[in-house]
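Q: have a look at this fold, sequence not included:
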């Protein structure tokens, strides 16, 4: 059973209180927004001058500068955007792996992303995977986030196939998952990257996922299917696991590069130790 | 089947240890993983529900257990005994009274435990057993039946009464080796450890003792002096801690039993002195019961009081005075003309004595030497004779006759001139010398001394009273009755019966009686049991007592239980046994080979 996520959500909100979401690298076109983009745009706020280049809007010529210098100088104004973020949380059982901090980190990260979106004036929508991607109500009150849990047996890929999220065009898309289901990563990544201003794949792993159990006889139980098998783990078995696990993660990183997504791996136990969100800042997703 | 090194079987304790190690190692720890597919074959179809592959008990464990068992059995040296051969066995039984010690009234004594172990041994083995009782002197106790039946063994064990004051186990073991020969096993049953390890594996030493505290009498005497008797009792605390006890005195003209408490430090000795009127009744002293009861009882009979009656018929006044003075110095004589035991005369005439008593009169004749010559030595002294004990004749001038005028066996001579002779005096054959020297009893003796006091200084030397003291002592030993009524256990009591007695009856402390013939008017009775003895003769009843007064034997602190030696180590006994170690060893090698092959076939990460 998934533990109550409310305390974790509160922790995430507090951790992200001084962060905001960075502006997306690809601005939405044809809309007037409430936020200034990173690029030059159509707003009234002056940003910089540059020399005229063919194709520039002649209305932006700085005639005063032309009169003084006889050079055609274009006035650049900040791009005005109306940013939106779509958050998808992997709701499968593996995200609430017993004995680990995965559930805590997942809930906190979801809360952190949404809090940062709020801090930056983003509109936001959140989904949790299961039998399809189900929208969850995420208003300002953490108590209202109780209607989702991490107990699905379907993988996110299956959820995307059965009922994908209602992506908003040119919005930022953040997926929080351990990405430990078998299948083609591009199936999910391409769906998320279509018409997106930015896609962030936050992989939340448990320390036990990275560092498998010690040697000896173990009864391993699959967290999602309850399939159990007794194995004698020796050095060779553990090495095989590490190899498979590393190849799987590399596949996801490669697929993320192909889809233009940013891949951010995190270890839940490390994250929960001091709530250091600097990896997300370094990835360009959050900003102070 | 038996084992040469049975303690090696302790190695079997490794079996449960190995099983426990396996169990702990093979115990499965449950771990929930995010995706089991990373651990298993990706081709395995995922299935819902709990599917569990139970772990099988590894064959390697079974093989390792068998290997350990086979190695331990091989190391223990299993041997199969051939039952078609009878093995000679000589059993040495410690007969000292310390074997009677026991922790309390309900417990078995060391002797009882040893007898039970011996019975088991003989019941379960094909032994032809002979027995040696190890007392102060070892003696053979007989041979059990070939089938070691209980009846035959019990008859042997009945002789094992443990009443000896000490056990010479070394001599007994040597006797056992001599009796059994080089092929016989020797078993020593004692209550303490052997003094040294035995070589060769012929001897096994089984001890059944316990280090117990013991309060014991270690000395008890009753002597007469000055018209009264003095009793000395010595009690020792033979333990490593302070002990309280009680001493009870009865008899000895005491009005009632007298009990006093004793408190002795560890190893301390307490001496108790008691004065009794002369001729008092027997005195009994008893200590409170403890681990060893036999040394808690002492009976002291009144000492023999009759003085030796001596008649002196010497014409030479100075010589008479010298003789009387020497006799008086012994404090055991009474000068009397009537019924003398000893007549000292100058040989000029044979003194007349009364009637039947004449046959028991000893005569000492100091013959005035004719043509005397003074001798200053060297004197030839027959040191085997009781009359010359302590004589030195140094710086002595002995004036005697120059001719061999004396009759009987020479005791002291100056060259070829006899100065002192001795012979048996019997009716019709006076002066007949004896081949031996009876220490007590026997017929009347006649001593002849060639001595001229005027030209001698013998009467002024210390040898003069010594010579007469020896004469008195020898004569007193021949007086009828018991010379020493209080002896220590294991001692011998010399009894001189009335002249006409042919045999006497001895009643031992255990009320058994036996008759002993009288030869040479002397009977030596061995006090082989502790307690009061009775001697019944035609002229009356006499008593003597044997008391247990041996500190070393009563000291139980060194007693212990254990076994030393091992017959199976001796190659002498290998003929009777088949060694079974090699089959176990070969089996272990085969099992280890199979184990190695099994381990080599297995690989890591296998589903168990």
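A: Good, I have the coordinates. These figures come from a predicted structure and were not determined experimentally.

Q: looking at chain A, which helix or strand does the model trust least?
A: The least trusted helix or strand in chain A, going by mean pLDDT, DSSP states H and E, turns out to be strand A:35-51, with a mean of 65.

Q: wait, isn't residue B:173 in contact with residue B:186?
A: Yes - between residue B:173 and residue B:186 a contact is recorded at 6.2 Å, counting by C-beta atoms under 8 Å. (Each C-beta comes from the backbone N, C-alpha and C, glycine too.)

Q: who touches both of these two?
A: Residues within reach of residue B:173 and of residue B:186 at once, by C-beta atoms under 8 Å, 6 or more residues apart in numbering or on different chains, are B:92, B:203.

Q: these two: which is more packed in?
A: Between residue B:173 and residue B:186, residue B:186 has the larger neighbour count (other C-beta atoms under 10 Å in any protein chain shown), namely 25 against 22.

Q: list the contacts of that one.
A: Under the criterion of C-beta under 8 Å, 6+ apart, the contact list for residue B:186 reads B:89-92, B:173, B:176-177, B:180, B:202-204.

Q: gap between it and residue B:116?
A: Separation of residue B:186 from residue B:116 (C-beta to C-beta, to the nearest Å): 20 Å.

Q: show me what contacts residue B:280?
A: B:229, B:251-253, B:302.

Q: can you select the buried ones from these in PyMOL?
A: Provided next is the PyMOL selection string for whichever of these are buried by 16 or more other C-beta atoms under 10 Å in any protein chain shown:
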select buried, chain B and resi 229+251+252+302
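
Q: now for the contacts of residue B:280, which pair is the farthest apart?
A: B:229 and B:251 (12.2 Å; C-beta to C-beta).

Q: how about residue B:400: what's its closest non-neighbour residue?
A: Nearest non-adjacent residue to residue B:400, counting by C-beta to C-beta, 6 or more residues apart in numbering or on different chains: residue B:450, 3.8 Å away.

Q: er, residue B:328 I mean
A: residue B:335 is the one closest to residue B:328 (C-beta to C-beta, 6+ apart), at 8.0 Å.

Q: and what of residue B:314?
A: Residue nearest to residue B:314 in three dimensions, not counting chain neighbours: residue B:320, with 4.1 Å by C-beta to C-beta, 6+ apart.

Q: is it fair to say the one you found lies in a helix?
A: Yes - counting by DSSP: H, G, I helix; E, B strand; the rest coil, residue B:320 is found in a helix.

Q: any idea how far chain A is from it?
A: As judged by C-beta to the nearest C-beta, to the nearest Å, residue B:320 and chain A stand 115 Å apart.

Q: for that residue, give its distance to residue B:326.
A: From residue B:320 across to residue B:326, the span is 11 Å (C-beta to C-beta).

Q: of the two, who's got more company?
A: It is residue B:326, of residue B:320 and residue B:326, that has more neighbours when counted by other C-beta under 10 Å, with 20 against 16.

Q: state the pLDDT value of the closest residue to chain A within the stretch 351-500 of chain B.
A: When scored by C-beta to the nearest C-beta, the stretch 351-500 of chain B has residue B:489 as its residue closest to chain A, at 73.7 Å. The model reports residue B:489 with a pLDDT of 90.

Q: flag every buried residue along stretch B:197-206.
A: The neighbour-count check on stretch B:197-206 (16+ other C-beta under 10 Å) flags B:198, B:201-206 as buried.

Q: try stretch B:380-390
A: B:380-381, B:385-388.

Q: so which strand or helix has the nearest residue to residue B:276 once chain neighbours are set aside?
A: With C-beta to C-beta, 6+ apart as the criterion, residue B:276 has its nearest non-adjacent residue at 4.5 Å, and that residue is residue B:229. In the assignment (DSSP states H and E), residue B:229 maps to strand B:228-238.

Q: list the neighbouring strands of that strand plus their orientation.
A: Strand B:228-238 has the following strand partners under DSSP bridges: strand B:214-225 (antiparallel), strand B:269-277 (antiparallel).

Q: distance from the shortest one to the middle of the chain?
A: The one in question is strand B:269-277. Centroid separation for strand B:269-277 versus its chain: 27 Å, with C-alpha atoms, centre = their mean, to the nearest Å.

Q: likewise for the longest one?
A: On the basis of C-alpha atoms, centre = their mean, the separation between the geometric centre of strand B:214-225 and that of its chain is 19 Å.

Q: returning to that earlier point: can I get the contacts of residue B:186 in a markdown table including secondary structure, distance to residue A:4 and pLDDT?
A: As requested, the contacts of residue B:186 are arranged in a markdown table below (DSSP: H, G, I helix; E, B strand; the rest coil; distance: C-beta to C-beta, whole Å; pLDDT from 0 to 100):
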| residue | secondary structure | distance to residue A:4 | pLDDT |
| --- | --- | --- | --- |
| B:89 | strand | 85 | 90 |
| B:90 | strand | 89 | 93 |
| B:91 | strand | 86 | 93 |
| B:92 | strand | 87 | 94 |
| B:173 | helix | 88 | 92 |
| B:176 | helix | 90 | 92 |
| B:177 | helix | 91 | 90 |
| B:180 | helix | 91 | 86 |
| B:202 | coil | 85 | 85 |
| B:203 | strand | 83 | 90 |
| B:204 | strand | 79 | 91 |
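
Q: out of those residues, the closest to residue B:463 would be?
A: residue B:173 (46.3 Å).

Q: the spatially closest residue to the closest one that is not a sequence neighbour pairs with what?
A: If the residues on either side of it in the chain are set aside, residue B:173 comes closest to residue B:92, at 5.7 Å by C-beta to C-beta, 6+ apart. In this entry, residue B:92 is beta-bridged to residue B:132, residue B:188, by DSSP bridges.

Q: beta partners for the closest residue in space to residue B:89 that isn't next to it in sequence?
A: Once flanking residues are discounted, residue B:89 sits nearest to residue B:127: 4.1 Å by C-beta to C-beta, 6+ apart. In this structure, residue B:127 has the following beta-bridge partners (DSSP bridges): residue B:87.

Q: any idea how far chain A is from residue B:127?
A: Residue B:127 sits 56 Å away from chain A, taking C-beta to the nearest C-beta as the criterion.

Q: would you check that that residue makes contact with residue B:90?
A: No - Residue B:127 lies out of contact with residue B:90 (C-beta under 8 Å); the separation is 9.7 Å.

Q: which one's more surrounded, those two?
A: residue B:90 (28 against 21).

Q: correct me, but that one touches residue B:187?
A: Yes - counting by C-beta under 8 Å, residue B:187 is a contact partner of residue B:90 at 7.4 Å.

Q: how about the residues of chain A by chain B?
A: Residues of chain A lying close to chain B by C-beta under 8 Å from any C-beta of the partner chain are A:94, A:97-99, A:178, A:180-182, A:206, A:208-209, A:212-213, A:216-237, A:240-241, A:244-245, A:248.

Q: all set, thanks.
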